[in-house]
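>>> pasting the sequence and the predicted coordinates here, then a few questions.
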There are 2 protein chains.
Amino acid sequence: MAGDGSDQRALQYEQTLMYGRYTQELGVYAKEEAARLRESGQRRSVSDRSRTLDLLEYDKGRCAKCRICTVRCQKFLISRVGEDWIFLILLGLLMALVSWVVDFCIAICLQAQKWMYGGLDSNVFLQYLAWVTYPVVLITFSAGFTQILAPQAVGSGIPEMKTILRGVVLKEYLTFKTFVAKVIGLTCALGSGMPLGKEGPFVHIASLCAALLSKFMSLFGGIYENESRNIEMLAAACAVGVGCCFAAPIGGVLFSIEVTSTFFAVRNYWRGFFAATFSAFIFRVLAVWNRDEETITALFKTRFRLDFPFDLQELPAFAVIGIASGFGGALFVYLNRLIVQFMRKQKVINKFLMKKRLLYPALVTLVLSTLTFPPGFGQFMAGKLTQKEALVTLLDNRTWAKQGIAEEFDYIGNAQAWRHPQVNVFVTLVLFIVMKFWMSALAITIPVPSGAFMPVFVIGAAFGRLVGESMAAWFPDGINTDGTIYPIVPGGYAVVGAAALSGAVTHTVSTAVIVFELTGQISHILPVMIAVILANAVAQSLQPSLYDSIIRIKKLPYLPELGWGHHEKYNIRVEDIMVRDVRYITLNCCYRDLHNVLLTGQLKTLALVESAESMILLGSIERAQLQSLLSQQLGRARRLQYIRERAVEEKKRLSIVSDPASDDNGSQRTSQEVRFQISTEESSFSPTRPVPHKPLKPALKRPSVVERPTELPTSPHDHSGIALKNLFCSSPDTEALEDDGDVEDDMTIREIAEWEERQLDEQVNFNNCKIDPAPFQLVERTSLHKTHTIFSLLGLDHAYVTSIGRLIGVVSLKELRKAIEGSVTVKGVKVRPPLASFRDSGTSSSENETTELHKLWDRHKSMSLPRESTPSESEEKSQ
Amino acid sequence: MAGDGSDQRALQYEQTLMYGRYTQELGVYAKEEAARLRESGQRRSVSDRSRTLDLLEYDKGRCAKCRICTVRCQKFLISRVGEDWIFLILLGLLMALVSWVVDFCIAICLQAQKWMYGGLDSNVFLQYLAWVTYPVVLITFSAGFTQILAPQAVGSGIPEMKTILRGVVLKEYLTFKTFVAKVIGLTCALGSGMPLGKEGPFVHIASLCAALLSKFMSLFGGIYENESRNIEMLAAACAVGVGCCFAAPIGGVLFSIEVTSTFFAVRNYWRGFFAATFSAFIFRVLAVWNRDEETITALFKTRFRLDFPFDLQELPAFAVIGIASGFGGALFVYLNRLIVQFMRKQKVINKFLMKKRLLYPALVTLVLSTLTFPPGFGQFMAGKLTQKEALVTLLDNRTWAKQGIAEEFDYIGNAQAWRHPQVNVFVTLVLFIVMKFWMSALAITIPVPSGAFMPVFVIGAAFGRLVGESMAAWFPDGINTDGTIYPIVPGGYAVVGAAALSGAVTHTVSTAVIVFELTGQISHILPVMIAVILANAVAQSLQPSLYDSIIRIKKLPYLPELGWGHHEKYNIRVEDIMVRDVRYITLNCCYRDLHNVLLTGQLKTLALVESAESMILLGSIERAQLQSLLSQQLGRARRLQYIRERAVEEKKRLSIVSDPASDDNGSQRTSQEVRFQISTEESSFSPTRPVPHKPLKPALKRPSVVERPTELPTSPHDHSGIALKNLFCSSPDTEALEDDGDVEDDMTIREIAEWEERQLDEQVNFNNCKIDPAPFQLVERTSLHKTHTIFSLLGLDHAYVTSIGRLIGVVSLKELRKAIEGSVTVKGVKVRPPLASFRDSGTSSSENETTELHKLWDRHKSMSLPRESTPSESEEKSQ
């Protein structure tokens, strides 16, 4: 929880854009851009015409027409280049290429390891050294490279994308550096042969691609570069990521929706399908062109019989796979979190590892590769197979175990790895499952770019195969009793197991579709669907999904989902969770109030109310806006102006005799004049240009400012002045210096402090402040369930709680998250929020509430109560 | 557009529930219910215990324990019966049964027709009579039955479900009567052999099932019977409908999402999958149990080769299918609309058909079945095949035409129908496509429960087959040049064509998934995806989807989607489309104002502002609430009380000498007293109990009231009194009669009118009125695009437009729809809203707007301007 605040502070600039007045900025921007483009277009067409005329004069006759054509085509292309479908095609193409190149490099890396291992078969020790050193070097390089270039590239990327698509801005997550680090790091990590996946990272890489491409395309003059389009494109990119990773367009779209979205706009559906299909198509075409394949087929093609895929009586076995996978998936998530938490808690280890960051990856890799060493323990768990080979053999058409006797079957190719002279194939499978299970959970904690989908998928396939082989051994002639003998197909069980376990770990149903697209066969659709749904039901009731678990571990600012059994949510209201002590500013406040409010609060926006008595909510103002207002009021430019005016006044005083009694009054009038002067000058001076966004972060990062007590006005004046300087040591000071070189800043520090004090007592002029006049409002009776829906639908950061126009509280994501996590913890222990229990006593009814509300209402009409007493009184009433 | 108003009036009571104060009602309801249940639970457990004690005493020893067990199980089951998954299982089971029974009946009907036709082969005329009479009778029966029982059952049902899921309440759409009419009507309609589908109606039937089941389940004490859960369940039901119709769970879920939703909550995803999978499973299991199938397989199983499904060089042909299907789909939608509009415009035909409602179905059926008569024209278009048979033959594995010579191929079974001794198979296919195309477009206009998906699917398959056969004739040895010969598989083309055309007509991508699930093969995934996406791209740019087209034809209250090229939407603002003349009531208005406002406006809710000068929006009040306020103020109970008080006063006046000059003042005070008296009595008198919902509809249905001019106060008093009586002739009058039997109502009509006039001048007491203190607000600069997003995300009916807390306009669905349809018409002609052009002149910039806003703001501070001038002034500024 500690890390949340700083993240939240930086987040969701976009979110507020959805509502209220800021939307205007976008419109204005688009309009200005359009006007600019139109003008420049005219200019361009003029210059084009002149250029073509030049051309015509220059080399008449020959290729002038051709050139005109080219210019026109170019113009046309540039004008169309901003369109969505071109963007999506480019994205798909790029990602297919990246995916193919990454796959190619991984294959080379793995071949190199095999070749080294195979070449050294004379000496087991050398063989072991080669087997172990190779992945250790690769993983260490990957970890180091990522650490140095872009630490954001570590891990899967799906949790981060989920957070970004929620509207949170994560810094440095979508930069070119991260792209390079992720692609190279991923290639090395997967080339090492560790049980890691490429799906999650590819979602991130595709999003990176989309972000970079969109930046690149905006060079060609995209008018509509707004945040909602970017979010749409990122969602499509996630689909592309999965689609080109598995050549599974439909599954990719669905998986990315399930994993990253809360509410999905169906009108964006086609984007994902379009881009993912194109990407998958190019990805497979590249394989054909490279002569790997004869034509476009599935990645892990199976050849199960079509006429009788499975017997109805086999369904219980499939259901068992589903339920067991559900438990397995939950266990996997739990195990992964346990490992991370263990590493964090052991402070000695933690400190040591923090110092030697590359030691942990190297150590883990060493352990894991030692265990899979084929002449060693690896012989009992098909250690020499790569992930891909293992999956191909597991999905094999044929039955390995007939009546329990493994020898009968003629193992060919890679399937040989599963045979061991002394040990039954069942033992090999069980060992494979158990070992790979914890190895995968451990491997994905290595700080390299890597996912967990593929390892889990393989484990699931192995588990399915185990059940399938058992069934085949149990019913050697199949179950069907009348007529034809249809032997059991263990490969089908493997397909079901793979879909079920990966579905359980990720909490998705669309793994079913991915499995069909991966294998190219859909005949097992009903068993797969049943198993996946059962696995989801079990896993979702036990643990969060792997991605949600990582979100919690990483403490990303994300709103958790309401669980399946969210009925008790109807009983919690906004009034139970809202913060009653809202930071607000009034319409007639002075700069000192502004200053105090800015020093204490943390929320990104502040409420603007009519007055402290009425508390009628008028709108919200961004913190940065207020800071710019304040810095403008206390800035050097202002002070220099003051000095200039003082000098003029001084002159006046020298020329005519002044009345010292009216001095105070006069300065008051002067400042008033100055205020209006400033307000007319502003448009050229532009306080809103660079200031609004910049000064926030340094001010907040300085702990001394944040920890300052709220009783600042009682502290010495000098101190305050310096504090203000610290707080707003931003550009206007230095900018102003150049303009006002003619005036000498001859004020002493004491004078400055006094001047600042005076400035602070002035009333705030909100003229140049962007006010959002319709921030989102809730009422105190809104249920938690509805609040959650509204927050996730609209991607809100906070909402004000009003009672008939009066501001009575504020709810931010933090409170909502706390309320949800407080009432439904992961372990199933349900903690009720403190106030909920009072209501359950059942004395308050709707009548009661109506009258209560109307009391509030009457009070509002009389407008005589102080603002603090109202919520507390209503609280007492409700109890 | 004319029919919209009345629909809209009745709609979206639920929508307002999402926000503001009404949410409380739900919470309160849930809480009360919970308390009640807890109490009754305690009571029940006590009674259970006593019952079990009785049992123990009654027949000790024997089966007492058994009975206790039963009772406990029963209790447990009842307590769990409200849970979602049980509901979904029941729904799935029910729908699978319905689907299977309907299929079974249809099969019997079709067999009967064949049998009749086959038995009469001695006489062609008799054969023709049998061939024609049978469908005519069935269709006429279906049309008549539906017409009589529930006219709502006519048609597909998907457009209606789309509207309902948007939050609109369509009357009588989810009743048992409609269910019966739809099921029986559909069975007869499809049994006739007309080119009609069952998909759309099944979506409706499933929704009906869900609605009825949910009513049934609520008998067992479901606590959370709220509207959002119902919407979730309806969405799941739509998935079940498609899923059990085609045994396609995944495709069903996706199709139903694409067709019915705008924004989809991913957390409801599992519901659809769960129910659809279960339903599809049961549906196929029933087939196995009925010995139709050996095991669970796809509905239209194909057996294409797996190793080399298609060549890369065939892809252009698939793309051609996609593009052509796109045009075909658009043409189909256009043709369908053209037929409907033609029938409507021809007033003579229209009148005639309105009188003889069954004539049109009979005539159309006669024409269509005459054309398909096998010995007649039907022989050239495989007329004797039913839809299902045609599809099976079209998806056939084998190639029909080798090198253009049709005879070479050995036609067996139904495929024989495609062969004609004189005519090439290509001609047959072309004739089939052309004839079925217009026949289907015509057939779906028959007023029976029927869909268009399946006919379109078959036409698409035929078109694909045609292209496939052409390719096979063109490249008899396949295209692949190196090594093995892989002949072209025309069946694969049929699959692609079916998916593409149905995707184009419905504007969905998920037909691809449906096709895979229907055929049980996914090997053609990339061609199918490419064709479907291309078809969608073409069709969406030409025509709305069939369902949207029907929505427009039926004038259902639905918000249209923004088109693909919705960029110009960024340029339209709320201020261009909002209604500036908002009906509002002020906090201190008198009942007369209320009365006037109620007589003029149509919106379901009215804005409550602080005062006409400040226009600060305080909340919104439902129309019905105001009506109950008014009826209470003028009701008989109130009048009787007045009479009683007058009698008391009379007595007082008789005893002491009264001053006639203070009479007016006195009555004022009395009414004040009465007002407070009422407000304490109210809780027992309950004006909110039956009144709020009832009186709305009769009042609105009476056209005389709505059409009354606004200058009512100038009309004679009697008239007003009677008008008011007409308007509020609701229950309180008659209720009150019984209570106040002791007081004589001796007032004359003139006295009553006077009394009413006096009552109307009193200030409104909003004490017992439910006020929504946070209605949704937009600002005038919000873009149309954002407004559309917000409206469809939140399912809003209307939103107020505010400027810094001041109400300046209102936008309802109607305005939004007009704006969208006005700017993007179907024919591609883009009409700009009147004000948008002014902004393009490019003179106004962000500065300008800021100052303008602040002018408004300053005005607000001074609070001296009349309310009307503000918007118009700001309008002038913006121009």
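All right, it came through fine.
>>> C-alpha from now on. contacts and neighbour counts both.
OK.
>>> show me where the stretch 501-650 of chain A dips below the pLDDT cut-off.
Within the stretch 501-650 of chain A, the segments meeting pLDDT under 70 span A:560-571, A:601-603.
>>> same thing with the stretch 101-250 of chain A?
Ranges of the stretch 101-250 of chain A meeting pLDDT under 70: A:220-228.
>>> ok, A:Ala330 - contacts?
Neighbour list for A:Ala330: A:504-505, A:539-540, A:542-545 [criterion: Cα atoms under 8 Å, 6 or more residues apart in numbering or on different chains].
>>> can I get those residues in JSON lines including distance to B:Cys188, neighbour count and secondary structure?
Below are those laid out as JSON lines (distance: Cα to Cα, whole Å; neighbours: other Cα atoms under 10 Å in any protein chain shown; DSSP: H, G, I helix; E, B strand; the rest coil):
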{"residue": "A:Ala504", "distance to B:Cys188": "44", "neighbour count": "40", "secondary structure": "helix"}
{"residue": "A:Val505", "distance to B:Cys188": "47", "neighbour count": "30", "secondary structure": "helix"}
{"residue": "A:Ala539", "distance to B:Cys188": "45", "neighbour count": "28", "secondary structure": "helix"}
{"residue": "A:Gln540", "distance to B:Cys188": "44", "neighbour count": "22", "secondary structure": "helix"}
{"residue": "A:Leu542", "distance to B:Cys188": "49", "neighbour count": "19", "secondary structure": "helix"}
{"residue": "A:Gln543", "distance to B:Cys188": "50", "neighbour count": "25", "secondary structure": "coil"}
{"residue": "A:Pro544", "distance to B:Cys188": "49", "neighbour count": "24", "secondary structure": "coil"}
{"residue": "A:Ser545", "distance to B:Cys188": "48", "neighbour count": "24", "secondary structure": "coil"}
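>>> export those residues to TSV and tack on distance to chain B?
Formatted as TSV, the contacts of A:Ala330 follow (distance: Cα to the nearest Cα, whole Å):
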residue	distance to chain B
A:Ala504	13
A:Val505	15
A:Ala539	13
A:Gln540	11
A:Leu542	16
A:Gln543	16
A:Pro544	13
A:Ser545	13
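>>> and the helices in the stretch 401-550 of chain A, which stretches?
A:425-443, A:453-474, A:490-506, A:511-519, A:525-542, A:546-554 (DSSP state H, counting those that start in this stretch).
>>> got it, and the stretch 151-300 of chain A?
Counting by DSSP H, counting those that start in this stretch, the helices of the stretch 151-300 of chain A are A:158-165, A:176-191, A:199-218, A:227-246, A:249-260, A:269-289.
>>> what of the stretch 1-150 of chain A?
Going by DSSP H, counting those that start in this stretch, the stretch 1-150 of chain A shows helices at A:4-10, A:13-17, A:22-58, A:64-80, A:84-119, A:124-149.
>>> picking up where we left off before, deepest in the core, which of the helices of the stretch 401-550 of chain A is it.
helix A:490-506 (a mean of 33; mean count of other Cα atoms under 10 Å in any protein chain shown).
>>> between helix A:511-519 and that helix, find me the angle.
Using axes from the mean of the first three to the mean of the last three Cα atoms, to 10 degrees, the direction of helix A:490-506 lies 140 degrees away from that of helix A:511-519.
>>> would you mind writing the CA trace of helix A:490-506 as CSV?
Provided in CSV are the C-alpha atoms of helix A:490-506 (Å, rounded to 0.1, in the frame of the first residue of the first chain):
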residue,chain,number,x,y,z
PRO,A,490,-4.7,-39.4,-25.0
GLY,A,491,-3.7,-36.4,-27.2
GLY,A,492,-7.2,-35.1,-26.8
TYR,A,493,-6.8,-35.2,-23.1
ALA,A,494,-3.6,-33.3,-23.4
VAL,A,495,-5.4,-30.6,-25.4
VAL,A,496,-8.1,-30.4,-22.7
GLY,A,497,-5.6,-30.2,-19.9
ALA,A,498,-3.5,-27.5,-21.6
ALA,A,499,-6.6,-25.3,-22.1
ALA,A,500,-7.9,-26.0,-18.6
LEU,A,501,-4.7,-25.2,-16.7
SER,A,502,-3.8,-22.1,-18.6
GLY,A,503,-7.4,-21.0,-18.3
ALA,A,504,-7.2,-21.5,-14.5
VAL,A,505,-4.0,-19.6,-14.1
THR,A,506,-5.1,-16.6,-16.2
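>>> angle of that helix against helix A:249-260?
Using the same axes, to 10 degrees, helix A:490-506 lies at 30 degrees relative to helix A:249-260.
>>> tell me which other helices or strands helix A:490-506 touches.
helix A:315-345, helix A:453-474, helix A:511-519, helix A:525-542, helix A:546-554 (3 or more Cα pairs under 8 Å, 6 or more residues apart in numbering or on different chains; DSSP states H and E).
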